[in-house]
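S.K.: Need the 3D shape of this:
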Amino acid sequence: MKVVIVGGVAGGATAAARIRRLDEAAEIAVFERSGYISYANCGLPYYIGGAIRDPEELTLQTPERFSARFRVEVKVRHEVTAIHPERKTVSVQNLATGEVFEEPYDKLLLSPGAKPTQPRLPGIGLDRVFTLRTVEDTFRIKEYINVHHPKSAVLAGGGFISLELAENLRELGMEVTIVQRPRHLMNPFDGDMAALIHGEMRSHGVQLALGHTVEGFEEKDGGVDVLLQGEAPLHGDMVVLAIGVTPDTALARDAGLELGIKGSIVVNDRMETSVPDIYAVGDAVQVKHFVTGQDALISLAGPANKQGRIAADNICGGDSRYAGSQGSSVIKVFRVTAAVTGVNETNAKKAGLAVDKVVLSPMSHAGYYPGGTVMTMKVVFERGTYRLLGAQIVGYDGVDKRIDVLATAIRAGMKATDLKDLDLAYAPPYSSAKDPVNMAGFLIENLAKGILSQWHLEDVETLPRDGSVTLLDVRTAEEFAGDHLDGFANIPLDELREHLKALDRSKPVYVICQSGLRSYIACRILAGHGFSCYNFSGGFRFYDAVANDRCLTASATPCGKDI
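M.R.: Alright, predicted model coming up:
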């Protein structure tokens, strides 16, 4: 059996190694147009910033090592230019010599990945306008910085690469501005949780120009002006386009393969394309979202590796199936860690799901053990069924552990109420006896049993201030004096029972505290005395972070408490 693989990196290289492990007699050829068969995409910004010093650390496998171990014919700087399904061959060009030849196959695997999205804007080809996707891109940026010593950079786009690059450029002492059309960074996160990421970026000197449309680029004063619709341009010594990626599927299109979202390759759960004996994996393929069941593009290394393994199994006569992607991911943003899995609240609503959520701020480990830090968790679930849909966490320590537990729970089909029953490891330096994931489960169980009723961030503006409801802040007098929501009266939690006679039992009570815990206790006290009570999800700390972010983003509006 002759297997030809187009593209290395995650999906293609994984498939080649798996095929060899399953079939020692298979003839395997990998064609990669770059100079690297397998490299660490996710590490590229850290080489630019100097956290990774040796460029060889970016190379996971060399063609020589890969060939020696797996007896795979690896041809780097060879570009497959056409697929001929009718005669089961591909056209290949040697980019070093210009030679063109045809290579036959019995099975063909496409792993072309995705390319940086480059809109057709004036100035897109300027020397100081870069993209960051490959090792070669990284070396170009690194060389430019080493030679020209730029003092400032504008990053167009607010995804993983942009945030990681922003951090690394700041570590080099550069002034950094991120500009993009959406009003919050990191699309997998809801806007309220992204506000916590914005705060961390701003605290480290990164300027955020959110809600602005880039219209082009012009050379000016030895740098580049980024032209904005209806706004003054942004100037930087260099610009990096990081506005997303587009499936690199011209080969598949020209060969007549069925295409889907943004020109991605349509595959079934065996990673088979619409043409017999042709498989496809990685960033170029359309997948099913594991939670919603809808078609999706999810460009992450984990899914690409799994898809490569599944395709290899099936090429070798097996019957492996890909159950879909759920977008589990994590990113370091200066001091904090931000992680997400499943579907966020915004996209769950777009998918037509009835959505509910809890927001909580547990400690990373036992409060009495030194060094504990607060994390903010948002867990999204389906109203009524309590099907677990997704989670987002922003914090300092233990974020990656909790998101992986929640990702596993989603994959296992657990209900959100089942989180309370998970038996998770505990020792004071690592967790609490009630782990943050358990705490989310306790909250959701209280909702399911009617023990807890909530009000949310989006209710702040519409909450009646006409006296028809009681608005109550149960923080200390000092906390309340520092800042509070308009219209709220202050009765500290520990004094609440002594003031019950002053409250009207006929009016519902909306309660807030710093994190949501004291206000929950207040609601239980009030409920025990015949009041109808609603607890603010996330607490004043969460509200304040989001409100501050929104007024900073809307630069024309003076910062205040209202959102």
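
S.K.: This structure: helices as residue ranges?
M.R.: In the chain, the helices defined using DSSP state H lie at 9-22, 44-49, 63-70, 135-148, 160-171, 191-203, 250-254, 301-315, 345-350, 399-411, 436-448, 477-482, 517-528, 539-553.

S.K.: list the helices and strands the second one packs on?
M.R.: Counting by 3 or more Cβ pairs under 8 Å, 6 or more residues apart in numbering; DSSP states H and E, the packing neighbours recorded for helix 44-49 are helix 135-148, helix 160-171. Bear in mind the C-beta positions are built from the backbone N, C-alpha and C, glycine included.

S.K.: residues making contact with that helix?
M.R.: The contact list for helix 44-49 (Cβ atoms under 8 Å, 6 or more residues apart in numbering) reads 52-53, 55, 57-58, 132, 135, 137-138, 141-142, 145, 161, 164-165, 167-169, 171-172.

S.K.: buried subset of the residues you listed?
M.R.: Those of those that meet the buried threshold are 52, 58, 132, 135, 137-138, 141-142, 145, 161, 164-165, 167-169, by 16 or more other Cβ atoms under 10 Å.

S.K.: Low-confidence ranges, the protein, go.
M.R.: Residues of the chain that meet the criterion pLDDT under 70 lie in 38-40, 59-61, 555-563.

S.K.: nearest residue to the most centrally placed residue in it other than its sequence neighbours?
M.R.: The residue lying closest to the centre of the chain (Cα atoms, centre = their mean) is Pro188, at 4.6 Å. What sits nearest to Pro188 in space, not counting adjacent residues and going by Cβ to Cβ, 6 or more residues apart in numbering, is Val340, at 4.6 Å.

S.K.: Spit out the contact partners of the one you found.
M.R.: 186, 188-189, 327-330, 390-393, 403 are the contacts of Val340 under Cβ under 8 Å, 6+ apart.

S.K.: related to what we said a few turns ago, any chance of the helices and strands packed on helix 44-49 in TSV, plus distance to Gly308?
M.R.: Below are the helices and strands packed on helix 44-49 laid out as TSV (distance: least, Cβ to Cβ, whole Å):
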stretch	distance to Gly308
helix 135-148	19
helix 160-171	21
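
S.K.: Quick one: closest of those helices to Ala348.
M.R.: Nearest to Ala348 among the helices and strands packed on helix 44-49 is helix 160-171; the distance by Cβ to Cβ comes to 21.3 Å.

S.K.: what's in contact with that closest one?
M.R.: Here helix 160-171 has contacts from 42, 44-46, 48-51, 132-133, 153, 155-156, 176, 178, 185-186, 197, 201, 204-206, 240, 242, 329, 331-334, using Cβ under 8 Å, 6+ apart.

S.K.: if we go to 6 Å?
M.R.: The contact list for helix 160-171 (Cβ atoms under 6 Å, 6 or more residues apart in numbering) reads 45, 48-49, 132, 153, 155, 176, 178, 204, 206, 242, 331, 333-334.

S.K.: Quick check on those residues: which are buried?
M.R.: Applying 16+ other Cβ under 10 Å to those flags 45, 48-49, 132, 153, 155, 176, 178, 206, 242, 331, 333-334 as buried.

S.K.: And those residues, which is closest to Gln286?
M.R.: Closest to Gln286, out of all of the buried ones among the contacts of helix 160-171 and judged by Cβ to Cβ, is Ala242, at 22.5 Å.

S.K.: Ser111 and Gly12, how far apart?
M.R.: Per Cβ to Cβ, to the nearest Å, Ser111 is found 3 Å from Gly12.

S.K.: Arg387 now?
M.R.: Counting by Cβ to Cβ, the gap from Arg387 to Gly12 is 35 Å.

S.K.: before we move on, what about Phe488?
M.R.: Counting by Cβ to Cβ, the gap between Phe488 and Gly12 amounts to 58 Å.

S.K.: Compare these two (neighbour count), which wins?
M.R.: Gly12 (27 against 20; other Cβ atoms under 10 Å).

S.K.: is it true that Val74 touches Arg65?
M.R.: No - here Val74 lies out of contact with Arg65, judged by Cβ atoms under 6 Å, at a distance of 9.6 Å.

S.K.: If you count surrounding residues, which of the two has more?
M.R.: Shown here are Val74 and Arg65; by other Cβ under 10 Å, Val74 has more neighbours (24 against 14).
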